[in-house]
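>>> with the input below, show me the fold.
(one chain, ligands or ions: 1)
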Amino acid sequence: MADRKTVLRLRGVDRAYNEANHTLQILKGADFELREGEMVALVAPSGAGKSTLLHTAGLLERPDGGEVFINGTACGTMSDGERTARRRNDVGFVYQFHHLLPEFSALENVMIPQMIRGLSRGKAAERAQQLLDYMRIGPRAAHRPAELSGGEQQRVAIARAVANAPLVLLADEPTGNLDPETSGYVFEALSALARQSGLAALVATHNHALAERMDRVVTLAEGRVVAV
Ligand SMILES: Nc1ncnc2c1ncn2[C@@H]1O[C@H](COP(=O)(O)OP(=O)(O)OP(=O)(O)O)[C@@H](O)[C@H]1O
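Numbers count the residues shown, from 1 in each chain. Below you'll find the model as predicted:
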């Protein structure tokens, strides 16, 4: 892994939330590196700051201190517009609840981010179908999210997250609301995709069995990222 390019780097990241009469310091000098093609599990107790770390790494939140580098570029001084563009091109998110658009089909849900980026309808549909086939839900492409099982919805959400070929996938409990068999299946689909495309993934999970199947496991301790 050491010879692979670093696609995500956090250097000395601080993040705090101001409460009514005190400050909640969640990240405190957090350092982290994710390399091309690497899958890393983030396992930490509820409230430790996993989502905060993912949102900061994915440019959804700005750190109070330190720097986030995506593909070697420091993102701290970028305007909101530049950060949005970088996020759209280089980062994919998967959440515990899929957040698919209910009035659109699975195929359309995977097409939309590509069309926002400027791809034609035809090209977006072609890639969306390929990704759904790859996730083994191609035959369900015309169905709306409500007509799909939880595991199928999560596989559509993964296909959507990688539709624009991001460098980094950030997943927040992607299998959190699935039964063990389905979560194993969804995880397999995610890791096959990562292996095939060189995608790097940071996956927050409470599932220790899945965490052990990733390349390494990290946790949060006193606001820092540490190896397990
Ligand atoms: N916008 C916010 N304003 C104030 N406090 C916040 C905000 N977002 C998160 N927090 C607090 O920061 C702490 C870390 O939250 P975070 O969601 O990152 O934890 P987590 O490890 O992802 O937890 P879980 O496993 O329960 O999802 C929690 O105590 C949370 O209540």
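
>>> can you pull the residues of the protein lying near the ligand?
17, 24, 26, 44, 46-52 (CB under 6 Å from any ligand atom). (Each C-beta comes from the backbone N, C-alpha and C, glycine too.)

>>> now those: which count as buried?
Buried residues within the residues of the chain next to the ligand, counting neighbours by 16 or more other CB atoms under 10 Å: 26, 44, 48-52.

>>> what's downstream of the helix or strand of the chain with the lowest mean pLDDT, the next helix or strand?
Within the chain, no helix or strand scores below helix 180-197, which has a mean of 84 by mean pLDDT, DSSP states H and E. Using DSSP states H and E, the helix or strand that follows helix 180-197 in sequence is strand 200-204.

>>> quick one: contacts of the least confident helix or strand of the chain?
Outside helix 180-197, the residues within contact range by CB atoms under 8 Å, 6 or more residues apart in numbering are 37, 39, 94, 134-136, 149-151, 154-155, 158, 162, 165, 169, 171, 174-175, 178, 199-201, 203, 207, 209-210, 213-214.

>>> shouldn't residue 151 be within a helix?
Yes - assessed with DSSP: H, G, I helix; E, B strand; the rest coil, residue 151 lies in a helix.

>>> quick one: buried residues of stretch 137-154?
Within stretch 137-154, the residues that qualify as buried are 137, 140-141, 143, 145, 148, 150-154, counting by 16+ other CB under 10 Å.

>>> what's the end-to-end length of it?
Terminal residues of stretch 137-154 lie 11 Å apart, using CA to CA, to the nearest Å.

>>> partners of residue 69 in the sheet?
Judged by DSSP bridges, the bridge partners of residue 69 are residue 9, residue 74.

>>> can you tell me which of the residues of the chain next to the ligand are in helices?
If you go by DSSP state H, the residues of the chain next to the ligand have 50-52 in helices.

>>> before we move on, which element is the residue positioned nearest the centre of the chain in?
When the chain is reduced to its mean C-alpha position, the closest residue under CA atoms, centre = their mean turns out to be residue 170, at 1.8 Å. Here residue 170 sits within strand 168-172, counting by DSSP H and E.

>>> that strand pairs with which strands, and in what direction?
Partners of strand 168-172 in the sheet, by DSSP bridges, are strand 91-94 (parallel), strand 200-204 (parallel).
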